[in-house]
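> take a look and give me a structure for this.
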Amino acid sequence: MAIVIWLVIGLVAGFLARFLVPGSDPMGFLGTLVLGLVGSLVGGFLGNLIFDAQLDISAAGLIGSVIGAIVTLLVFRAVARSA
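Residues are numbered from 1 along each chain as shown. You can find the predicted model right below:
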């Protein structure tokens, strides 16, 4: 059941990140899901760094996941543009 919740949060976070960051992204449903899941890990890592907790890679909450997905999307665009 936890995996289903992670997938739903990842999909919502990926969708919100793509909605909040202007511009077009050539990714479909699966790309949005992966963006949200990676964003969740990035958000959890950044949250641990900012709040000086132990560096444990874990899933973040929805807000942390969206922030991480936005950061991931911006990095993805920068890398894709330079390639």
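> number of residues surrounding Val4?
Neighbours of Val4 under the rule other CB atoms under 10 Å: 8. Using the backbone N, CA and C atoms, a C-beta is placed for each residue, glycine as well.
> any idea how far it is from Gly10?
11 Å (CB to CB, to the nearest Å).
> and the helix or strand of the chain with the lowest mean pLDDT, which residues are buried?
Ranked by mean pLDDT, DSSP states H and E, the weakest helix or strand in the chain is helix 29-50, scoring a mean of 86. Within helix 29-50, the residues that count as buried by 16 or more other CB atoms under 10 Å are 32-45, 47-48.
> and these, which two are furthest apart?
Based on CB to CB, the longest span within those runs between Thr32 and Asn48 and measures 24.8 Å.
> look up the closest residue to Ile63, ignoring the ones flanking it.
Gly43 (7.9 Å; CB to CB, 6 or more residues apart in numbering).
> ok, Leu46 next?
For Leu46, the spatially nearest residue (CB to CB, 6+ apart) is Gly68, at 6.4 Å.
> low-confidence ranges in the chain?
Within the chain, the segments meeting pLDDT under 70 span 53-60, 83.
> residues near the closest residue to Leu62 other than its chain neighbours, how many?
The shortest distance from Leu62 to any non-neighbouring residue, by CB to CB, 6+ apart, is to Ile9 (5.9 Å). When counting by other CB under 10 Å, one arrives at 20 neighbours for Ile9.
> roughly how far apart are Ile9 and Ala78?
Going from Ile9 to Ala78 by CB to CB gives 25 Å.
> now Ile67
17 Å.
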